[in-house]
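**Q** generate a structure from the sequence data that follows.
(one chain, ligands or ions: 1)
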Amino acid sequence: MENDRNLSNRKAPNRMENITQIILDRFSCRTYNEKPLSTENRSLLELYVQNLNLGPFGSKAKFYLVAATEVDNSSLQELGTYGFIQGATAYVIGTISPEGKNLEDYGFLMEKIILYATSLGLGTCWLGGSFTRSTFSQKIKAELGEIIPAVTPIGNYIDLKQAREGLLRKRINADQRLSWDKLFFIDTFGSPLTKQQAGKWETALEMVRRGPSASNKQPWRIVQKDGNFHFYLQRTKGYREGIIIRFLGVQDIQRLDSGIAMCHFELTAREQNLPGQWIDLDPKIEMPDDLTEYVVSWIAK
Ligand SMILES: Cc1cc2nc3c(=O)[nH]c(=O)nc-3n(C[C@H](O)[C@H](O)[C@H](O)COP(=O)(O)O)c2cc1C
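**A** Numbers count the residues shown, from 1 in each chain. Alright, predicted model coming up:
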């Protein structure tokens, strides 16, 4: 059967060339045209998601494409998104092991899937809160202990321009991003990093800045020190304790944002032939407040 997980020795062709363009093309699409994915896109996505099993911190992940077909479009009817998503005919649902930096790993891997779908000309939307966990979990027969931190619909746009200008995107200022001096620093949190100081790393940092984040809070902070990049999460005050977040049973959602930032940084750096690797090497830089925590470092080679 096509959607059995038995294709893992085959690889989806890598279409992720020009990663910066793909990152800039992505946006949260909440309305789709109800047409099932083409057979080709379905197979490409199935292959791609089946091969993403390990995050940069080593957590084990499994991703599934659940897609309606021309013949059977009933398969998604019970999946609920509280009305946030309309017309979707496919979802990627993933699970991750419960310990360690699992949410960062999940953010990293799911964002790769989202960018791959974008490269195929498809719309996506991270959903960390607005989906009914129990029905999505039943759909993929998740095992006890496996968690589903977030999902994404995948589908064809109705009208690209209209989708980009959706009401909800306007309301949450989805196109706005914090400026460099709020996000990137050199040596200490007190000194903003300029684009000149970033030099050849400017694009990789800019791609972090352009990334999606839960409620567009952009909690990533990066300190450049001795040619390396130290990633931090500056949590949004009160966000985790918010009534809606608690009601929806959402995980520590901003940790997913850290994984997304790592994904954008690494893919851009690799495309620009800037080698390096992720290492847990806390440089013990003084924190600006107690909402900020160290995540990981990109050690340039
Ligand atoms: C981890 C994560 C969880 C999100 N959860 C939701 C959600 O539950 N519902 C929703 O409508 N949008 C959700 N979003 C989308 C964000 O609101 C969106 O990425 C942000 O506003 C920036 O807009 P853009 O993606 O169009 O660039 C989520 C995004 C991320 C990264």
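**Q** check which helix or strand the residue nearest the centre of the chain maps to.
**A** When Cα atoms, centre = their mean is applied to the chain, the residue found nearest the centroid is E111 (3.1 Å). In this assignment (DSSP states H and E), E111 forms part of helix 102-119.
**Q** right, is that helix up against the ligand?
**A** No: on the criterion Cβ under 6 Å from any ligand atom, helix 102-119 is out of touch with the ligand, staying 6.5 Å away. Placement of C-beta: from N, CA and C, glycine included.
**Q** what's that helix packed up against?
**A** helix 19-25, helix 39-50, strand 61-67, strand 90-96, strand 123-124, strand 151-155, helix 254-271 (3 or more Cβ pairs under 8 Å, 6 or more residues apart in numbering; DSSP states H and E).
**Q** how about the ones you listed in JSON lines, adding distance to G190?
**A** Below are the helices and strands packed on helix 102-119 laid out as JSON lines (distance: least, Cβ to Cβ, whole Å):
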{"stretch": "helix 19-25", "distance to G190": "29"}
{"stretch": "helix 39-50", "distance to G190": "42"}
{"stretch": "strand 61-67", "distance to G190": "37"}
{"stretch": "strand 90-96", "distance to G190": "36"}
{"stretch": "strand 123-124", "distance to G190": "37"}
{"stretch": "strand 151-155", "distance to G190": "37"}
{"stretch": "helix 254-271", "distance to G190": "21"}
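**Q** return the distance of stretch 21-34 from the chain's centre.
**A** 13 Å (Cα atoms, centre = their mean, to the nearest Å).
**Q** in that stretch, which residues are buried?
**A** For stretch 21-34, a neighbour-count test (16 or more other Cβ atoms under 10 Å) marks 22-23, 26-32 as buried.
**Q** got it, and stretch 140-160?
**A** For stretch 140-160, the neighbour count (16+ other Cβ under 10 Å) marks 140, 142, 146-158 as buried.
**Q** among those, which ones lie close to the ligand?
**A** Within the buried residues of stretch 140-160, those near the ligand by Cβ under 6 Å from any ligand atom are A150.
**Q** right, and the pair among the buried residues of stretch 140-160 with maximum separation?
**A** Farthest apart among those by Cβ to Cβ are E146 and I158. That separation is 33.8 Å.
**Q** any idea how far T188 lies from L44?
**A** 45 Å (Cβ to Cβ, to the nearest Å).
**Q** the more surrounded of these two?
**A** With neighbours defined as other Cβ atoms under 10 Å, T188 and L44 compare such that L44 has more, 20 against 11.
**Q** quick check: that one touching G121?
**A** No: between L44 and G121 there is no contact under Cβ atoms under 8 Å: 11.4 Å.
**Q** nearest to the ligand, of the buried residues of stretch 140-160?
**A** The nearest member of the buried residues of stretch 140-160 to the ligand, counting by Cβ to the nearest ligand atom, is A150 at 5.4 Å.
**Q** for that closest one, phi and psi?
**A** phi -170, psi 160 (degrees, to the nearest 10).
**Q** tell me, what's the model's pLDDT at it?
**A** A150 is assigned 95 on the pLDDT scale.
**Q** kindly report the same for D257.
**A** 98.
**Q** which parts of the strand ranked longest in the chain are buried?
**A** In the chain, assigned by DSSP state E, the strand with the most residues is strand 292-300. For strand 292-300, a neighbour-count test (16+ other Cβ under 10 Å) marks 294-300 as buried.
**Q** which residues of this protein lie near the ligand?
**A** So the chain meets the ligand at 27-28, 84, 125-130, 150, 169, 172, 174, 212-216, 253, 256-257, 260 (Cβ under 6 Å from any ligand atom).
**Q** filter those down to the buried ones.
**A** For the residues of the chain next to the ligand, buried by 16+ other Cβ under 10 Å: 27-28, 84, 125-130, 150, 169, 174, 212-216, 253, 256-257, 260.
**Q** point out where the stretch 1-150 of the chain drops to low pLDDT.
**A** 1-10, 13-14, 71, 73-74 (pLDDT under 70).
**Q** make sure A300 is actually in contact with F229.
**A** Yes: contact criterion Cβ under 8 Å: A300 and F229 qualify, at 7.5 Å.
**Q** what's next to stretch 206-214, contact-wise?
**A** 19-20, 23-24, 26, 28, 111, 114, 126, 128-129, 177-178, 180, 183-184, 218-220, 222, 239, 253-254, 256-257, 260-261, 263-265, 267-268 (Cβ atoms under 8 Å, 6 or more residues apart in numbering).
**Q** and if you look at stretch 29-42?
**A** Residues from elsewhere that reach stretch 29-42 (Cβ under 8 Å, 6+ apart): 2, 45, 65, 67-70, 73, 84-90, 120, 122-125, 153-158, 162-163, 166, 168-169.
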